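*Asks:* okay, structure incoming, though there's no sequence with it:
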């Protein structure tokens, strides 16, 4: 499943819910957490349940829900109200590590059985860096398969938790602690064999900055990015889709190795290529929907 763009939509806004499916996001995340004030949580929960019920049979877009912090009463109410409407997945905030994901998986299984759903149909995407403890467990998520969809990260809650005065420098780049967290999330996702999703770009009025952030994230190995405004979605989709030139180059590499079976190192255009280059070319074609990565 493609997961280039993941658009957050406040669960208490009828206007934004009505427009969200037209944005073109690969995943829409119906938010019950940070974008909804406490007084509106119950109303938002009802709106999201109705939205899931109305869209389930006719939406090609993946519909996910970000619940409240897992150990809260609000999260228990979120899950009890919504799992029966079969969201495609749950975005789990404030996790402390894989144990929290496994605990959510257990709760989901019980609710799936109660609702008559197949066990495992609801996937999980943890925001895996929002607590200090979580940073030290980013390499352990492989044991959360097969329900684990990916890993994503965030800096705002973590900054607040440690009392940081800022998480970016004067040039707008992540400061050293958050560069470390970002890298650990990236490697943790790949170690677990799941999607690596980069965090959001906060200034939705800065398309050039978003394009640069997407290019940097894709360069580093992320496969998608969170979005907080519909206008960000086309830029993110473009940024994480291989260009025609990249596809042509990847096809050339794959064809070269196919024409020379059993050979692990080949020359193309003055460059020596070996099996990692082949695997990267196959990944590019898979991302373009032209084959599965090996």
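*Replies:* Perfect, thanks for sending it. If you're wondering where the values come from, they're calculated on a predicted model, not measured in any experiment.
*Asks:* strands along the stretch 151-294 of the chain, start to end?
*Replies:* Listed in chain order, the strands of the stretch 151-294 of the chain (DSSP state E, counting those that start in this stretch) span 195-198, 224-227, 265-268, 271-274.
*Asks:* a markdown table for the ones you listed, including mean pLDDT, mean neighbour count and distance to residue 237?
*Replies:* C-beta here means a position set from N, CA and C on the backbone, and glycine is covered the same way. Formatted as a markdown table, the strands of the stretch 151-294 of the chain follow (pLDDT from 0 to 100; neighbours: other CB atoms under 10 Å; distance: least, CB to CB, whole Å):
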| stretch | mean pLDDT | mean neighbour count | distance to residue 237 |
| --- | --- | --- | --- |
| strand 195-198 | 98 | 24 | 14 |
| strand 224-227 | 98 | 26 | 9 |
| strand 265-268 | 89 | 12 | 30 |
| strand 271-274 | 90 | 12 | 29 |
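*Asks:* please convert the ones you listed to JSON lines, extending it with distance to residue 155.
*Replies:* Shown next, in JSON lines, are the strands of the stretch 151-294 of the chain (distance: least, CB to CB, whole Å):
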{"stretch": "strand 195-198", "distance to residue 155": "11"}
{"stretch": "strand 224-227", "distance to residue 155": "12"}
{"stretch": "strand 265-268", "distance to residue 155": "40"}
{"stretch": "strand 271-274", "distance to residue 155": "37"}
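*Asks:* out of those, nearest to residue 217?
*Replies:* strand 195-198 (4.0 Å; CB to CB).
*Asks:* against which helices or strands is the closest one packed?
*Replies:* When contacts are defined as 3 or more CB pairs under 8 Å, 6 or more residues apart in numbering; DSSP states H and E, strand 195-198 sits against strand 150-152, helix 176-192, strand 224-227.
*Asks:* out of the ones you listed, which is closest to residue 267?
*Replies:* Closest among the helices and strands packed on strand 195-198, using CB to CB: helix 176-192, at 28.8 Å.
*Asks:* chain center to that closest one: distance?
*Replies:* Helix 176-192 sits 14 Å away from the centroid of its parent chain (CA atoms, centre = their mean, to the nearest Å).
*Asks:* can you list the buried residues in that helix?
*Replies:* Buried positions in helix 176-192, judged by neighbour count with 16 or more other CB atoms under 10 Å: 178, 181-182, 184-186, 188-189, 192.
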